[in-house]
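>>> with the sequence up front, the predicted model follows.
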Amino acid sequence: MKLLVTGSSGLIGSEVCVHFSKLGWEIHGVDNNQRASFFGPQGDTRWNQERLERDLPGFVHHELDIRDREGVLALINEVKPDAIVHTAAQPSHDRAAAIPFDDFDTNAVGTLNLLEANRQVNVEVPFVHMSTNKVYGDRPNTIALKELETRWDYDDPAYENGITEEFSIDQSKHSLFGASKVAADVMVQEYGRYFGMPTCCLRGGCLTGPNHSGVELHGFLSYLVKCNLEGREYSVFGYKGKQVRDNLHSHDLVNSFWEFFKKPTSGEIYNMGGGRHSNCSIIEALDLVEDIANISIERSILKKSRVGDHIWYISNLTKFKKHYPNWKQKYNTKKIIEELISNEKY
Ligand SMILES: NC(=O)c1ccc[n+]([C@@H]2O[C@H](COP(=O)([O-])OP(=O)(O)OC[C@H]3O[C@@H](n4cnc5c(N)ncnc54)[C@H](O)[C@@H]3O)[C@@H](O)[C@H]2O)c1
């Protein structure tokens, strides 16, 4: 079996490559290290590309920009993959405003290039698209919340198990990144619904894992751990540091792709994050790092919040678990942080 993975040198893409390579698949990775041009040297992903080339038998790297429409068609035609995982993206909420064309051309148009090439070559190939909870814009901030000692929490029983896919993506502030990801998400759904192709969108919460080139603007837990272990100042933006994110380890996420490939549907969307099993506020994350690494962290909690930042977001995973009952989460937030700390060789 052949798998085409876009964004193969990134956090999620690289985990996908490793997972499916272990299952004996031939892996074709597509990445042009665009992360370094989005975020500078700290975002450089060449180390991860080299790791894959060194460690994975049958891994082939393709240096291709997904904005290159003809190049994408030629590659899919040449490789003829049995499945596609699309993770290449400009992934930062905050960065998008400075680079609106790069953001939209990568996230929206790049996704269209891949879908259309896939349709022209083989409509039966399952296509998993990494979408984001930012498609809901800042609408989650309209949920009634109560302030607890270390976090905000829902104050409306409808959200006891988190936010479902029924939540509206309309009429809220998304950031340009959220808007370009909405365009991609709806296009992936449309190729499923209109053309009957086996596509699905996974709307990620905070995704993390050992292979993240974490930077301040993207990669929350990875950056938080790295910054604090190196003794650099870590700034928390707004909401008293009590904003809640749900954290999913890349290993658990990749298992959800595998479940989809075994039983693909058309045009589905799923919220996919740590859910009730794995979430934390920022100050809870800092407390955990202090405890596990036995360090003391200087906290700078700024009044100003990030534009459109979620105050409380927990993915409701009921739909995915119902469709794919074999999917299980191995990691919770504490286990993720322990692994990130041990990987920093502290
Ligand atoms: N990490 C998270 O917390 C998170 C949360 C929700 C959704 N997502 C989504 O998951 C996907 C993967 O995220 P990630 O954290 O692995 O990001 P990442 O930045 O670590 O990886 C993305 C990879 O895509 C590559 N890339 C970017 N533009 C490209 C282009 N034009 N052509 C070819 N390659 C290109 C980059 O070089 C990078 O290696 C993205 O779609 C992101 O929006 C991530």
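Ah, there it is.
>>> how far away from the center of its chain is the least confident helix or strand in the chain by mean pLDDT?
Sorting the helices and strands of the chain by mean pLDDT, DSSP states H and E puts helix 220-229 at the bottom, at a mean of 82. Relative to the chain's own centre, helix 220-229 is displaced by 17 Å; criterion: CA atoms, centre = their mean, to the nearest Å.
>>> over to stretch 142-150?
Counting by CA atoms, centre = their mean, stretch 142-150 comes out at 25 Å from the chain centroid.
>>> contact partners of that stretch?
The contact list for stretch 142-150, computed with CB atoms under 8 Å, 6 or more residues apart in numbering, reads 152-156, 159, 163, 242, 281, 283-284, 287, 311-312. Where you see a C-beta, it was placed from the backbone N, CA and C, and this is true even at glycine.
>>> those also near the ligand: which ones?
Contacts with the ligand are made by none of these, judged by CB under 6 Å from any ligand atom.
>>> inside strands: which ones of those residues?
Within the contacts of stretch 142-150, residues falling in strands by DSSP state E are 152-154, 281.
>>> determine which two of these are furthest apart.
Y154 and S281 (13.1 Å; CB to CB).
>>> just want to know which of the two has more residues nearby.
Ranked by neighbour count (other CB atoms under 10 Å), Y154 and S281 place S281 first, with 24 against 19.
>>> residues from the protein in reach of the ligand?
So the chain meets the ligand at 7, 9-13, 30-35, 45, 65-67, 87-89, 91, 106, 110, 130, 132, 204, 206-207 (CB under 6 Å from any ligand atom).
>>> as a markdown table, the ones in strands among the contacts of stretch 142-150 with pLDDT and distance to G137 would be great.
Below are the ones in strands among the contacts of stretch 142-150 laid out as a markdown table (pLDDT from 0 to 100; distance: CB to CB, whole Å):
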| residue | pLDDT | distance to G137 |
| --- | --- | --- |
| W152 | 97 | 18 |
| D153 | 96 | 21 |
| Y154 | 95 | 18 |
| S281 | 96 | 21 |
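>>> return the closest of those with respect to the ligand.
S281 (16.3 Å; CB to the nearest ligand atom).
>>> state the number of residues packed around the residue nearest to that closest one when sequence neighbours are not counted.
Spatial nearest neighbour of S281, excluding adjacent residues (CB to CB, 6 or more residues apart in numbering): R151 at 3.7 Å. R151: 22 surrounding residues under other CB under 10 Å.
>>> now R151: how far from K242?
Going from R151 to K242 by CB to CB, to the nearest Å gives 5 Å.
>>> ranges for the strands of the protein?
Listed in chain order, the strands of the chain (DSSP E) span 2-6, 26-30, 59-62, 83-86, 127-132, 145-147, 152-154, 199-204, 206-208, 234-237, 244-249, 268-272, 279-281, 299-302.
>>> which strands or helices does the third one pack on?
This means strand 59-62. Strand 59-62 is packed against strand 26-30, helix 46-55, with contacts defined by 3 or more CB pairs under 8 Å, 6 or more residues apart in numbering; DSSP states H and E.
>>> this completes my enquiry, with thanks.
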